[in-house]
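Visitor: give me coordinates for this.
(2 chains)
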Amino acid sequence: MKRMWNVAALGAVIVIGLGTFAVDATEPKAEWALDISSNPSVWKDAVVEFGYNTDDDVSQRYEVTSDESRVTSDLNYIAEGLRYRERLKGDARAVHRLMNGMTYTESIRMKDGYVGLGQYGNKELIIFNQLNGKEIKTYTFDAKDRQIYEILTGWWSGLFWHKGELNLIYRNGYDGDETTMLATFTQTMDDVTVNEIKMDNGFITHVSGTSYFDETSKSPSISETRYVPVAVNAYETIREGDETYYSGITMPGQFAYDTETGKVVQLAGNQDFWDYAVFENRLFTINTDGEETVIDLETGKQSTRKVLDSVNRAFYANGRLYQTRQVKDGVVIDVYEDGKQVSSAAVTPENEEAQAMLDQIDVYVRQK
Amino acid sequence: MNLLKLLSWEVERVTKPFLILVAGLLVVQFGYLGYFLWDETQLYEQLRRAGDADYQMSFANYLGGTAYLLSLGIAVAAMLLYSVWIWYRDFQGRGTFMLRLLTMPQKRMVIFFAKLATILMMTLGLFAIEWIALKLQYIAFTSWFDGKMIPMNGSFEQALSSNGILGMMYPDSIVNFVIHQLFIYIVVLFIFAFVLIERSFWQRTIWSPVLSLSILVVILTIPILGYAFLSNRLIYDETIMYVGVVLIVWAGVTIWLGRRFLQTKLNV
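Guide: Residues are numbered from 1 along each chain as shown, chains lettered A, B, ... in the order given. From the prediction side, this is the model:
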C-alpha cells in the first residue's frame, strides 16, 4: 500500500502540470460571425478568410461563412489532413500528385482541368495537360537540348493559353540585361519554339492567371484573348563615382502582351493601382482614387467609372470588388459588381478573444 | 501480482533517480536563468549608457540558450537510458531477480506493460514538471526585466512555438501532444523489443545485440523506404494516413515481438 503513494504522487504531478498545459494550450478560441446586411445571395459560396498577425503573439488564421466560423491555422495533424482533403477535390488531386516530386511548377486552370509546366532540377522539363478533369497527359523534354536547358534555367514569369497552345514567358539575364522570351509548346506538346519578346524598357515578371508552385485554388483562367495581362519591372541604373548599382522597380500602369503583334503594350496609364483582376475576358483595375477601369482584353477598349469615394483596402475576387474598413465592432466588407454596390456584410467578434484581435486582422474573400 | 502492484513497485524503484534527474534539471535551468538575467541586464545597461539600447528582450532568447537546451537533451538521454536499464537491471546478478519475476503466477506481459506504464508516467511527469518550471521561469523573466525597465517582446506561447524542441513538446493542440507522446512510446517499445530479443538468444555473444538490432532496423526501415518510394505519389492527407498506419504497425509489431520473446524465448 505504501508503494501506491509513489504512483499517486507522480499521478498528481502529471495531472497538475499537464492540466495546466491543457488549460493554457494555445489552440485559438476566438469565434467570429459574418453579419450580412444586404443581398445574402452574394455570400452563398463566399468564404471570408483573415489572419491575425502581431509581433507579440502567435499568428492565427480564420475562416468565416454565413454558417460557421473556424480556425484554419495550427490545426492538429488530423484536422489539417481533413481540411486539405476538403479543399483539394477532384481534378486538383491528380495534378498535385503529379507536381509532388517536381522542383518547380507553374500552371493555369482551364475549364476542364490544369495545364502547366514543371521541372525536375535542371534535368527535365515536363509539360502536362489534364484532359476532361481526369487523365493527365505529360511530355518530357530533356535538358540536353540547349534550348530546353535555357528555358529551365530562365526565370519563369508565367503561362497563358493561346490558339490551343501553351505559352511560357520567361526571362534570361539580370541587372539590366534581362531578355524576355516566349516559349510556345505545340498542340501535340512534343515540340517547342522560342522567340524573344522585344521590349522598349523592362521585362515581364508575372502573367495574370498563372498559379505558382502547387497553388491550384485559382478560378478557371480566361479563355483565349488577344491581350494577356502581364506585370512589367525595370531596373534603374544608379551611378555613384565608379560604382554602378541597379534598383528594381515595378512599372506603374497595366500592361499586356499583344498576341497579334508580339509586343508588350500599356493598357492603362501611369498610375498606381490597388489591385487588378481578370474576369470573363475583362481586366478590372482600381486606382488609389477609387476609379475602376475595365478593359476588354479582346479589343483593348476601356472604360473608367468612379466606384469608391475613398480607398481604404480594396481587392478583387471572382469578378467582384471588395472594400473593407475597420469599425468599432467589426470589419465591414462592401461588395461592388459592375461599378455598383451589391451587398454589404461585416465580420464581427463573437467572444472576448476575437474582440481582442479585431484591430489586427486583414480580411480577404474567396469562393468555396 | 497484478499490473498496479508491479507498477507501484517499479515506480518506487525509480523514484530516487527520477527525483535526482528532476532536481538536476531544475537547478541547471533556474541557475542558467539567473545567469542569463544578470548577464543581459549588464549588457543592456552598457548599451543604455552608450545610447544604443534599442533592442528588446525575448523569452525565446533564454529558451534558445545552450544550457537550457542541454538540460532538455540530458533529460531525453536519461529517459532513453532508463528505458534500457529498466530491463537490464533485472538481469543483473545472474538474473535471479528476473527469474523471480518470470516465475511469478501472472502473465509475463503484465511485467512488460508495468515497465511501459512506468516509463509513460516518468515521461509525462517530466513534461508536467517542465511545463510548471517554464511558467515559473517566464514569470521570473518578465518580473525581472519589468523591474529593470528593460523592454520585452513576444508572448510565452510565441517563445515556445518558435523553439523547435519545445514546440514539439508542447504543441498548439492537445491532439498533437497525444500524437507526439505516441511517437515517444513507439521509441520506448523499440528499445523494449531490442532488450527482450537480445536477452533471448541462448549464446549471448556480441552477435546477440547485433542480430537484435538488425531485426529492429529492418522493421524500422521498411516503412521509411516505402515512404521514400511513395513520397512522390502521396499528397498531404494521404501522407498523414500513411504515417498513422506505420505508427500503428510499428507499435503492433514491437509489442508482438516483445510478447513472443518474453513468453517463449527469454532466457535467464
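
Visitor: could you use CA atoms for every contact and neighbour count after this?
Guide: Fine.

Visitor: now the residue of the stretch 151-300 of chain A found nearest chain B, what's its secondary structure?
Guide: When distances are taken as CA to the nearest CA, the stretch 151-300 of chain A reaches nearest to chain B at A:D214, 11.2 Å away. Under DSSP: H, G, I helix; E, B strand; the rest coil, A:D214 falls in the coil class.

Visitor: now it: how far from A:G116?
Guide: Computed with CA to CA, to the nearest Å, the distance linking A:D214 and A:G116 is 11 Å.

Visitor: any residues in contact with both of those two?
Guide: With contacts taken as CA atoms under 8 Å, 6 or more residues apart in numbering or on different chains, the residues that reach both A:D214 and A:G116 are A:T105, A:E106.

Visitor: more neighbours: which of these two?
Guide: Of the pair A:D214 and A:G116, A:G116 is the one with more neighbours under other CA atoms under 10 Å in any protein chain shown, namely 27 against 18.

Visitor: report the secondary structure state of residue 233.
Guide: Defaulting to chain A. strand.

Visitor: I was after chain B.
Guide: In the three-state summary, B:R233 is assigned as coil, counting by three-state DSSP.

Visitor: how many neighbouring residues does it have?
Guide: Counted with other CA under 10 Å, residues neighbouring B:R233 total 17.

Visitor: burial of the closest residue to it other than its chain neighbours, as a residue count?
Guide: Excluding its sequence neighbours, the residue lying closest to B:R233 (CA to CA, 6 or more residues apart in numbering or on different chains) is A:R97, at 5.6 Å. The burial metric for A:R97, expressed as a neighbour count using other CA under 10 Å, is 17.

Visitor: could you do B:M104 as well?
Guide: 11.

Visitor: and it, its phi and psi?
Guide: Backbone torsions for B:M104, taken as degrees, to the nearest 10, come to phi -70, psi 150.

Visitor: could you do A:E337 as well?
Guide: phi -140, psi 130.

Visitor: what residues are bridge-paired with the closest residue to it other than its chain neighbours?
Guide: Using CA to CA, 6+ apart and skipping the chain neighbours, the partner closest in space to A:E337 is A:R320 (5.2 Å). Beta-bridge pairing of A:R320, defined through DSSP bridges, involves A:A317.

Visitor: isn't A:R320 up against A:V335?
Guide: Yes: when contacts are counted by CA atoms under 8 Å, A:R320 is listed as touching A:V335 (6.7 Å).

Visitor: how about the residues of the stretch 51-200 of chain A by chain B?
Guide: Within the stretch 51-200 of chain A, the positions adjacent to chain B are A:55-58, A:74-78, A:80-82, A:84-85, A:93, A:96-98, A:100-101 by CA under 8 Å from any CA of the partner chain.

Visitor: which single residue of the stretch 51-200 of chain A ends up nearest chain B?
Guide: A:D56 (3.9 Å).

Visitor: tell me who's in contact with the closest residue to A:R239 other than its chain neighbours.
Guide: Leaving out its chain neighbours, the residue that sits closest to A:R239 by CA to CA, 6+ apart is A:Y245, at 6.2 Å. Taking CA under 8 Å, 6+ apart as the contact definition, A:Y245 lies against A:T237, A:I238, A:R239.

Visitor: now with 10 Å?
Guide: Under the criterion of CA atoms under 10 Å, 6 or more residues apart in numbering or on different chains, the neighbours of A:Y245 are A:D175, A:G176, A:Y235, A:E236, A:T237, A:I238, A:R239.

Visitor: relative to A:N201, how far out is it?
Guide: The spacing between A:Y245 and A:N201, counted by CA to CA, is 17 Å.

Visitor: again with A:Q302
Guide: Separation of A:Q302 from A:N201 (CA to CA): 24 Å.

Visitor: what pLDDT does residue 223 get?
Guide: No chain in the question, so chain A it is. According to the per-residue confidence, A:S223 scores 68 in pLDDT.

Visitor: hmm, I had chain B in mind actually
Guide: Among the per-residue scores, B:P223 holds a pLDDT of 95.

Visitor: could you check which helix or strand contains the closest residue to it other than its chain neighbours?
Guide: Setting aside the residues directly before and after it, B:P223 is nearest to B:V246 in space (CA to CA, 6+ apart), at 6.6 Å. Using DSSP states H and E, B:V246 sits within helix B:236-260.

Visitor: does anything pack onto that helix? Which helices or strands?
Guide: Using 3 or more CA pairs under 10 Å, 6 or more residues apart in numbering or on different chains; DSSP states H and E as the contact criterion, the secondary-structure elements in contact with helix B:236-260 are helix A:77-87, helix B:108-147, helix B:174-200, helix B:207-230.

Visitor: let's see that with 6 Å instead.
Guide: helix B:174-200 (3 or more CA pairs under 6 Å, 6 or more residues apart in numbering or on different chains; DSSP states H and E).
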